[in-house]
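[1] next comes the sequence, and after it the predicted model I'd like to discuss.
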Amino acid sequence: MAKTFTVPSDPEASKLLAQLRDTSLPPAVVRRVTRDLTASLTKHVLSLPAPPSSPTANDSEQVAVIVVLRSGLAMVDPVMDFFPDDADTVIYHLGMFREKVSLQPVEYYNKLPPKNPRIKHAYVLDPLVATGGTATAVIGILKDWGVEKITLFSLLGSRTGLEAVANVWPEGTEVFAGGVDDGLDDKGYVKPGVGDIGDRLFGTALS
């Protein structure tokens, strides 16, 4: 049986996602809406049933937050604000981009250190899951790194992409999305989606 992904029922998050779909928003507003949407959803993500490696279950364990560059940067502060001040967390970054023709993920930045044996659970922040290729690659990297549990947190994904990611390592991965769209366009973007969220966050589509 295919592993499923989790989508919350949250009216405030739905309202914010609808705002984010407006591609006429300037970058400053896109960043604000993304922060607010992440904050609205984080309470659901961190309240999912979790293994003993959850942030509150065992003080001897350390939780890794993995930021997928570059768009995942917009999600960091709202997620970290949800953890208590004394939570034992670390933040690492993985740089991935999708090659425009093949749509295959390319890793360009990886500074994961030798894994601390206290790290068993990793939260991955990646706003969009389109084909699922990038998220699948990140899961493979973290599985090889040695984590026992991965929670992928996205704001929006395509149904096929989310299903693909949920099934790449079903016994070790929980996939969470704030919303689901059914389609992909011919460039591999979520349809109707929110456009290129990285360009929209940082204004690079305007340059």
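    Looks like it arrived, so ask away. Numbering: from 1, shown residues only.

[2] do I have it right that residue 106 meets residue 97?
    Yes. Counting by CB atoms under 8 Å, residue 97 is a contact partner of residue 106 at 5.5 Å. The way it works is simple: take the backbone N, C-alpha and C, and place the C-beta from them, glycine included.

[3] what's the longest strand along the chain in contact with?
    Longest strand of the chain, by residue count under DSSP state E: strand 89-98. Contact with strand 89-98 is made by 55, 62-70, 76, 80, 83, 104-113, 116, 119, 130-131, 133-134, 137-138, 141, 188, as judged by CB atoms under 8 Å, 6 or more residues apart in numbering.

[4] now do the helices in the chain.
    With DSSP state H, the ranges of helices along the chain come out as 11-20, 27-45, 73-82, 133-145, 159-168, 197-202.

[5] any residues touching the last one, and which ones?
    For helix 197-202, the external contacting residues (CB under 8 Å, 6+ apart) are 23, 25, 27, 30-31, 34, 70-71, 73-74, 127-128, 155, 194, 204-205.

[6] list only buried entries from the contacts of strand 89-98.
    For those, a burial check counting by 16 or more other CB atoms under 10 Å picks out 55, 62-68, 70, 76, 83, 105, 112, 119, 130-131, 133-134, 137-138, 141, 188.

[7] now mean pLDDT and distance to residue 175 too, for the helices of the chain, in a markdown table please.
    As requested, the helices of the chain are exported to a markdown table (pLDDT from 0 to 100; distance: least, CB to CB, whole Å):
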| stretch | mean pLDDT | distance to residue 175 |
| --- | --- | --- |
| helix 11-20 | 96 | 16 |
| helix 27-45 | 96 | 11 |
| helix 73-82 | 96 | 15 |
| helix 133-145 | 95 | 8 |
| helix 159-168 | 93 | 4 |
| helix 197-202 | 92 | 18 |
